[in-house]
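> sequence? don't have it. structure:
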């Protein structure tokens, strides 16, 4: 891929900047609304299919796993076919598969369709990040990336709340899944109408050998390796917490009704603000300091969820959500700045790690929860956050610049 340096990059205040922001906001909404659509349904799937919480959580893990496996090939396709077409067809395929999953006659067919849905969604996350890195001025990239991640957070909580409400009101997990797929179809239409074609992107055929070479080049960069690990650990923490907090709230001492538990996902709304603010904070304090602070905030939140007090559990989950979205927004923008070539592949590698973390963290968390209960699950969350801090601590402000480029304060 080559960037047309003769075309000015978009800056905050430009009309094109606003169109890009709105388009990718709706794309992020659709992605996360579909990706985690079954998360609020896990207790219902346990009852309907007579399986363990860990087995039910596979309806989330196979989707994020499918996305992880397909994300680098999808990124490579975008280098040849263009960012916008790959994102558009990916979302369209995911909406169709989401509708099909709602009528799956068995758990195992549901898992197959959810896995394929993850593969379809793979064309959006890394390509969206690369699109922003191509089109947005580097000095404004953090804010633009934050708006994109904000769309992810709105989709995360909006999708889950819609699914929870439909499940509670209709008593049917099938209608709940079908309903969120229909909403996502409307968002897809907005994305298609609003997002402008790439202005600074020139398609370039990517040979398999070149793709392997780009992957090796990015893996040779110790900073990128650490950032990939940050994505894995943060996402593992986040998905584990949200997978099993519903079981905690449905059981004693809280015994909350399903609809009330579903509204816990409104806490995702804090990510909308956090992700946009984090990009600006990192510009002042540095990316490393911001990620370390995010880990500390999330760890405090995790420990608060040990208390048998509903307000502390909810408040702790809110703090964990703030820490996750801040860390992810900064780390993802950091990857875009650091990669001096093959940005789509670099973004794909970051998100491969990110969604592997979702699958592995969610599944291992289910094992811990099933064997040792909620307290051990919180301990697992704290260990993951501590590991994230250990990984990012050796980095410096100089590593925020691309290799061979002067570092900026």
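Thanks, I have the structure now. What you see is a predicted model; the values in this text were computed from it and never measured. Numbers count the residues shown, from 1 in each chain.

> The stretch of helix or strand residue 326 belongs to: which residues count as buried?
Assigned by DSSP states H and E, residue 326 belongs to helix 310-338. Neighbour-count burial for helix 310-338 flags 313, 315-338 (criterion: 16 or more other C-beta atoms under 10 Å). For the C-beta atoms, the positions are set from N, CA and C on the backbone; glycine is no exception.

> And the next helix or strand past it?
helix 343-372.

> any idea of the mean pLDDT in that following helix?
What helix 343-372 shows for mean pLDDT is 88.

> next SSE after the helix or strand encompassing residue 98?
Using DSSP H and E, residue 98 maps to helix 83-101. Of the helices and strands lying after helix 83-101 in sequence (DSSP H and E), the nearest is helix 107-121.

> which strands and helices sit next to that following helix?
Other elements packing on helix 107-121 under the criterion 3 or more C-beta pairs under 8 Å, 6 or more residues apart in numbering; DSSP states H and E are helix 15-35, helix 58-81, helix 83-101.

> Check which helices and strands the first one sits against.
Meaning helix 15-35. Partner elements for helix 15-35 (3+ C-beta pairs under 8 Å, 6+ apart): helix 58-81, helix 83-101, helix 107-121, helix 125-135, helix 141-170, helix 173-194.

> and of the ones you listed, who's closest to residue 371?
Ranking these by proximity to residue 371 (C-beta to C-beta) places helix 58-81 first, at 17.0 Å.

> Helix 83-101 and the closest one, what's the angle between them?
Counting by axes from the mean of the first three to the mean of the last three C-alpha atoms, to 10 degrees, helix 58-81 lies at 150 degrees to helix 83-101.

> How far off centre is helix 58-81?
12 Å (C-alpha atoms, centre = their mean, to the nearest Å).

> hang on, the earlier thing: check which helices and strands the helix holding residue 98 is in contact with.
So helix 83-101, by 3+ C-beta pairs under 8 Å, 6+ apart, packs with helix 15-35, helix 58-81, helix 107-121, helix 125-135, helix 173-194.

> sorry, back to before: same list, the helices and strands packed on helix 15-35, but as TSV with mean neighbour count please.
As requested, those are exported to TSV (neighbours: other C-beta atoms under 10 Å):
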stretch	mean neighbour count
helix 58-81	24
helix 83-101	22
helix 107-121	21
helix 125-135	27
helix 141-170	23
helix 173-194	19
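
> Include mean pLDDT and distance to residue 286 when you put these into a markdown table, please.
Converted to a markdown table, the helices and strands packed on helix 15-35 look like this (pLDDT from 0 to 100; distance: least, C-beta to C-beta, whole Å):
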| stretch | mean pLDDT | distance to residue 286 |
| --- | --- | --- |
| helix 58-81 | 87 | 28 |
| helix 83-101 | 94 | 29 |
| helix 107-121 | 96 | 32 |
| helix 125-135 | 80 | 20 |
| helix 141-170 | 82 | 12 |
| helix 173-194 | 94 | 33 |
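
> Nearest to residue 21, out of those helices?
Of all those, helix 141-170 comes closest under C-beta to C-beta, at 4.8 Å.

> what angle separates that closest one from helix 310-338?
Using the same axes, to 10 degrees: helix 141-170 against helix 310-338 is 140 degrees.

> you'd agree residue 178 is up against residue 95?
No: contact criterion C-beta atoms under 8 Å: residue 178 and residue 95 do not qualify, at 11.0 Å.

> mind listing what residue 47 touches?
Shown in contact with residue 47 (C-beta atoms under 8 Å, 6 or more residues apart in numbering): no residues.
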